[in-house]
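Chemist: prediction below, plus the sequence it came from.
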Amino acid sequence: MTGKFMAYVLSIISFFYILLVSVSFFMYMTTEERINDICFDAAETISTRGVLSEEVLEYVKGNLSCYGVYDLNVALEKFNEDGTLCYYFGEEQVSEKILSKGDRVVISAIGQNPTVFEKITGLEKSIASVKVAVIN
């Protein structure tokens, strides 16, 4: 009788653990997809407007903060008139620069806090998104 009771308790615990892992995995995937969408929207706006404005950076920061703490990195590969390639890193250097055809802006967002899925399973798979905007 005790064996049946223990098996019953273990099966209920296993069921709830699998349910918790499944729900947290779908939350993880939804958050990852939304972070990718935010970075894609910013990259698309930059490539169509031709300028990385403070408005776009504030949009990205504001929407990322809804999903947790993210490290936002911005890099610019800019071609000068003499044909040399210059690299600019950080929001201060890249912001409000007029971009020309062929310039590339790289936007990356990396999650700083572990998600529920990572905590439950013990995996180290933080949410990250990297998008490249090429100016046409």
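Modeler: Alright, I've got the coordinates.

Chemist: got the contact list for residue 125?
Modeler: Taking C-beta atoms under 8 Å, 6 or more residues apart in numbering as the criterion, residue 125 is in contact with residue 118. In this view, the C-beta of every residue, glycine as well, is placed from N, C-alpha and C.

Chemist: and residue 42, how many residues sit next to it?
Modeler: Here the count is done by other C-beta atoms under 10 Å, and residue 42 has 23 residues near it.

Chemist: so it makes contact with residue 58?
Modeler: No. Applying C-beta atoms under 8 Å, one finds residue 42 not in contact with residue 58, separated by 10.4 Å.

Chemist: now the element after the longest strand along the chain, going C-ward?
Modeler: Ranked by residue count under DSSP state E, the longest strand found in the chain is strand 70-79. Using DSSP states H and E, the helix or strand that follows strand 70-79 in sequence is strand 85-89.

Chemist: can you give the strand pairings for that next one, parallel or anti for each?
Modeler: If you go by DSSP bridges, strand 85-89 pairs up with strand 70-79 (antiparallel).

Chemist: do me a favour and average the pLDDT over the strand it pairs with.
Modeler: Mean per-residue pLDDT for strand 70-79: 89.

Chemist: in that strand, which residues are buried?
Modeler: For strand 70-79, the neighbour count (16 or more other C-beta atoms under 10 Å) marks 70, 72, 74, 75, 76, 78, 79 as buried.

Chemist: the third one contacts residue 94, correct?
Modeler: When you say that, I think you mean residue 74. Yes. If you go by C-beta under 8 Å, residue 74 and residue 94 touch, sitting 4.9 Å apart.

Chemist: shared neighbours of the two, which are they?
Modeler: Each of 52, 105 lies in contact with both residue 74 and residue 94 under the rule C-beta under 8 Å, 6+ apart.

Chemist: on that earlier part again, closest to residue 119 among the buried residues of strand 70-79?
Modeler: residue 70 (17.5 Å; C-beta to C-beta).

Chemist: these two touch, right, that closest one and residue 64?
Modeler: Yes. With contact defined as C-beta under 8 Å, residue 70 and residue 64 form a contacting pair (4.4 Å).

Chemist: need the overlap of contacts for these two.
Modeler: 35, 109.
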